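Engineer: Got a sequence here, can you model it:
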Amino acid sequence: MRRRNDGRSLNQLRNIKIKTGIDLTVDGSCIYNQGLTEVICFIRGPRARTQNNLIVIDYSSSPFSNIDAKRNSSFDKEYSMFAENLRESFENLVLLDERGKSEIVVNVCVIQNDGSSKSAVFNAVTIALLDAGVRMRDFLVSVNVGLYQGDIIVDMTNEEQRDAQGDLTISYQQRQCKIDYYELKTLKLNSNEVLWLSELAQQKAEEVYKILRNDILSIKRNEL
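Structural biologist: Take a look at the predicted model:
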């Protein structure tokens, strides 16, 4: 079986590590690592609403994260659009008071990007919300897949994403088996390749869910 530059097989995820409760001054927090990609997330709330939105997203990246400098700005269309997609995804999932008087502020930052950073951001926000004790209708996970040098691969590195013929990131509601966010970047893919990518993404999202669920349960057991 052909191996990738980092030694993984084509359909192998990088190691995922999470650490919660990293900042006791906020209501929930986590560091999420997937390979060399690292994301940090802080949750404040639920608290009395100060803005129109139920979820307030502050999405940023470190100057040293390897994210293109032109995208490290709220004025960049793709950058701001992703922040809005984050807000909509989690706003549809969280369960707050029925009178709509609460809000949650999410600060999420890509510290280091070695590929698949958007899926890492989704997963970090989910973990931090759970750490804050926020109830949600579903468990949202995310994964990245792509077509690289003729092979369909999982959890692409920065190098692989730069040269990929196709690059798909999804978020996935595990209980409903439903794709929530779907972003496909492609140079030239046929309909079968798009279908294969979508099916693989859903399969791997289930794998990510099992990893995160087991890690969270392990953390909770250690807290007892």
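Engineer: Okay, Gln173 and Phe82: tell me how far apart.
Structural biologist: In this structure, Gln173 and Phe82 are 18 Å apart, going by CB to CB, to the nearest Å. Placement of C-beta: from N, CA and C, glycine included.
Engineer: same thing with Leu187?
Structural biologist: Counting by CB to CB, the separation of Leu187 from Phe82 is 21 Å.
Engineer: Which of those two has more residues huddled nearby?
Structural biologist: Phe82 (21 against 10; other CB atoms under 10 Å).
Engineer: which of the residues in the helix or strand harbouring that one are buried?
Structural biologist: Per DSSP states H and E: Phe82 is located in helix 77-91. Neighbour-count burial for helix 77-91, counted by 16 or more other CB atoms under 10 Å, picks out 79, 82-83, 85-87, 89-91.
Engineer: Also stretch 167-187?
Structural biologist: Within stretch 167-187, the residues scored as buried using 16+ other CB under 10 Å are 167-174, 180-181, 183.
Engineer: Can you tell me which of the buried residues of helix 77-91 is closest to Leu24?
Structural biologist: Nearest to Leu24 among those: Phe90, at 22.7 Å, using CB to CB.
Engineer: which residue sits closest to the closest one, ignoring its sequence neighbours?
Structural biologist: Ile55 (5.2 Å; CB to CB, 6 or more residues apart in numbering).
Engineer: got CSV for the buried residues of stretch 167-187, with distance to Arg8 and pLDDT too?
Structural biologist: Compiled in CSV, the buried residues of stretch 167-187 are given as follows (distance: CB to CB, whole Å; pLDDT from 0 to 100):
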residue, distance to Arg8, pLDDT
Asp167, 17, 97
Leu168, 18, 97
Thr169, 18, 98
Ile170, 20, 98
Ser171, 22, 98
Tyr172, 21, 98
Gln173, 27, 98
Gln174, 24, 97
Asp180, 26, 96
Tyr181, 24, 97
Glu183, 22, 96
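Engineer: ok, which stretches of this protein are strands?
Structural biologist: For the chain, applying DSSP state E gives strands covering 16-20, 28-34, 37-48, 55-61, 102-112, 140-148, 151-154, 166-173, 178-186.
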